[in-house]
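# What shape does this take:
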Amino acid sequence: MSPTAHRIRIVTIAVVGWVIWVEEPVGPDQWSVAHIPAPRFDTREACEQKAGELNDLERSIATMQRSVGEARDQFSCLPETVDPRT
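Numbers count the residues shown, from 1 in each chain. So this is what the prediction gives:
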């Protein structure tokens, strides 16, 4: 092998997006991709931020409906390679 060939590195970068999933209602393990305009994100941080906002909204709605603050749906972020239904 030539000296140049030794200096070349092949770098594989796995680009994994993040998806917001919703378990609705909470508990029976019934998951689906969240029914929002853009459920996919490039970073985990962006996904977690949006999931947090959705969970806060769920708790607020539950409180307004006098459900003792228990959310009916739970939003979670998973890598796009993970499917919680399987």
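
# Select the helix or strand of the chain having the lowest average pLDDT value.
For the chain, using mean pLDDT, DSSP states H and E, the weakest element among its helices and strands is helix 3-7, scoring a mean of 52.

# helix or strand right after the lengthiest helix in the chain?
Taking residue count as the measure and DSSP state H as the definition, the longest helix of the chain comes out as helix 44-64. Of the helices and strands lying after helix 44-64 in sequence (DSSP states H and E), the nearest is strand 74-79.

# Show me what the mean pLDDT comes to for that following strand.
Taken as a whole, strand 74-79 has an average pLDDT of 95.

# what does it rub up against?
Strand 74-79 is touched from outside by 16-24, 26, 34, 41, 44, 47-48, 51, 54-55, 58, 84, with contacts defined as Cβ atoms under 8 Å, 6 or more residues apart in numbering. C-beta coordinates here come from the backbone N, C-alpha and C atoms, glycine included.

# any idea how far the residue nearest the centre of the chain lies from residue 17?
Relative to the mean C-alpha position of the chain, the nearest C-alpha, by Cα atoms, centre = their mean, is the one of residue 77, at 1.9 Å. For residue 77, the distance to residue 17 under the criterion Cβ to Cβ, to the nearest Å works out to 10 Å.
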